[in-house]
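In: Have a look at this prediction, sequence included:
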Amino acid sequence: MHMAADLKQLKTEFLEYVEIEKGRSVKTVENYDRYLSRFLQQTKISSPAKLSEQSVREFRIWLNRQPGISGDMKKKTQNYYMIALRAFLKYLRKREVESLNPEKIELAKVGSRDLDLISADELNRLMKSPAGSGEIALRDRAILELLFSTGLRVSELVS
């Protein structure tokens with residue numbers, strides 16, 4: 001059994017784990033850090049055992065009442081917090097640190113993602129833009145074909 005460390009220390013270890021073991025991007029680690037820090041700051045919880053469904057609910061209510069964003073964007077933002085918190089709780093469970101069950105964290109229902117689809121004409125024009133039969137034109141056509149046929153994110157394609 002892991003000695004009861006404080007949540008700030010566990011959060012630091014979790015962020016290192018996410019970056020090193022899970023190979024997440026620096027941006028993801030920064031986001032997790034921001035979300036978890038705000039959660040800990042707002043709830044003032046320092047012990048993993050004190051993390052409860054009630055504290056998560058109160059935090060969500062607090063988040064929901066923050067001015068500035070509304071509607072689905074607000075739900076998405078709340079979900080980012082909950083996803084980070086759930087990942088942290090899964091990590092605690094893996095380390096056998098007594099805390100809230102990650103399955104207790106529900107995500108808010110968000111409307112389906114509106115995609116900015118392009119027309120067939122625009123797609124054809126894009127696909128024809130790398131002209132010629134040189135290596136660069138072939139590479140560019142392959143990249144476009146891959147993106148449009150698989151729905152990969154640009155960041156995924158780049159890596």
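Out: Perfect, thanks for sending it.
In: Give me the buried positions along the helix or strand hosting L157.
Out: Using DSSP states H and E, L157 sits in helix 154-158. Buried positions in helix 154-158, judged by neighbour count with 16 or more other Cβ atoms under 10 Å: none. C-betas here are computed from N, CA, C, even on glycine.
In: For this structure, which residues score under the pLDDT cut-off?
Out: Scanning the chain for pLDDT under 70 picks out 1-4, 69, 72-73, 111-116.
In: Does anything pack onto the host helix or strand of N31? Which helices or strands?
Out: Using DSSP H and E, N31 maps to helix 26-43. Under the contact criterion of 3 or more Cβ pairs under 8 Å, 6 or more residues apart in numbering; DSSP states H and E, helix 26-43 touches helix 7-20, helix 53-64, helix 71-94.
In: Switch the ones you listed over to a markdown table; also include mean neighbour count and distance to R139.
Out: Converted to a markdown table, the helices and strands packed on helix 26-43 look like this (neighbours: other Cβ atoms under 10 Å; distance: least, Cβ to Cβ, whole Å):
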| stretch | mean neighbour count | distance to R139 |
| --- | --- | --- |
| helix 7-20 | 16 | 31 |
| helix 53-64 | 14 | 45 |
| helix 71-94 | 18 | 35 |
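In: possible to save those helices as a markdown table with distance to R34?
Out: Shown next, in a markdown table, are the helices and strands packed on helix 26-43 (distance: least, Cβ to Cβ, whole Å):
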| stretch | distance to R34 |
| --- | --- |
| helix 7-20 | 11 |
| helix 53-64 | 13 |
| helix 71-94 | 8 |
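In: Spatially central, which residue of this structure would that be?
Out: Nearest to the mean C-alpha position of the chain, by Cα atoms, centre = their mean, lies Y80 at 5.5 Å.
In: Look up how far R95 lies from that residue.
Out: 23 Å (Cβ to Cβ, to the nearest Å).
In: now do A87
Out: Distance from A87 to R95, by Cβ to Cβ: 13 Å.
In: With L126 instead?
Out: Distance from L126 to R95, by Cβ to Cβ: 48 Å.
In: more neighbours, those two?
Out: Neighbour comparison, L126 and R95: the larger count goes to R95, with 16 against 13 (by other Cβ atoms under 10 Å).
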